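**Q** heads up, no residue letters with this:
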Ligand SMILES: Nc1ncnc2c1ncn2[C@@H]1O[C@H](COP(=O)(O)OP(=O)(O)O)[C@@H](O)[C@H]1O
Ligand SMILES: Nc1ccn([C@@H]2O[C@H](COP(=O)(O)OP(=O)(O)O)[C@@H](O)[C@H]2O)c(=O)n1
């Protein structure tokens, strides 16, 4: 079974994808980490015209080992760099195969990101689009940073998230929109546990419907 989980920054998609993966015993790929790793690798070229070419080369050379440093990859700066390399068509192309082979491994997988249901796994068994209002998302990210001892300016963070979401939504190569067949899950008022229960219920219903369809055919 392939489960695609998409949504904007700090909507809780990674937490839900990890929870679904645990529940169904499937491997999980947080695809945002790929873009973050590429962005961090070329940060010194950010203000130069070499940035796109360097980013494509970094994406082509990316190795699973580059994803093992959550401390540097999950900063706000890495998030912003990620959304800048994510608008480069060659970067998305270079990262496609890695994501696609992860999705197609035997037994299935859970992937979360921005274009999983639309571009990486348009054939996923179940697609979820996770939403939460901007304030809730900012507060969650603020607490996440504070939990690891970082000082947070909530006003600046709110604007950073809005700016990144806007860049993602305007990304001509990103396909960051809700797939027509994605199930919307708004987690603004839900705890992590309640959100996971709701996500599992969606998966169960979708799989039961699929099985029913197969019987009818
Ligand atoms: N439903 C929820 N209620 C409260 N906090 C949540 C919820 N879902 C996720 N979080 C917390 O919000 C932060 C961001 O969640 P994460 O799953 O990383 O979001 P995303 O992958 O969409 O960026 C994490 O610290 C996570 O524990
Ligand atoms: N499948 C994906 C995943 C991430 N991204 C880009 O990478 C950035 C960081 O993604 P992320 O999922 O780690 O960010 P959060 O939603 O966790 O804040 C996003 O803002 C997008 O610009 C993408 O373009 N496509």
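**A** That came through fine. If you're wondering where the values come from, they're calculated on a predicted model, not measured in any experiment. Ligands and ions are numbered 1, 2, ... in the order given.
**Q** hey, let's count contacts and neighbours off CA atoms from now on
**A** Fine.
**Q** for residue 127, pull up the helix or strand it's in.
**A** strand 126-131 (DSSP states H and E).
**Q** helices and strands around that strand, which ones?
**A** The contact analysis (3 or more CA pairs under 8 Å, 6 or more residues apart in numbering; DSSP states H and E) places strand 126-131 against strand 2-6, strand 183-186, helix 192-216.
**Q** what's the closest of the ones you listed to residue 117?
**A** Proximity of these to residue 117 was assessed by CA to CA; the nearest stretch is strand 2-6, lying at 5.4 Å.
**Q** ok and the closest one relative to strand 126-131, angle-wise?
**A** Relative orientation of strand 2-6 with respect to strand 126-131: 20 degrees, computed using axes from the mean of the first three to the mean of the last three CA atoms, to 10 degrees.
**Q** give me the contacts around strand 2-6.
**A** With contacts defined as CA atoms under 8 Å, 6 or more residues apart in numbering, strand 2-6 is touched by 13, 17, 103-104, 108-117, 121, 124-130, 178.
**Q** coming back round to it: just say which of the helices and strands packed on strand 126-131 is most tucked in.
**A** When you average the neighbours per residue for each of those (mean count of other CA atoms under 10 Å), strand 2-6 leads with a mean of 26.
**Q** what residue is smack in the middle of this structure?
**A** Among the residues of the chain, residue 113 comes closest to the average C-alpha position under CA atoms, centre = their mean, at 2.0 Å.
**Q** please name the bridge partners of that residue.
**A** Beta-bridge partners recorded for residue 113 (DSSP bridges): residue 6.
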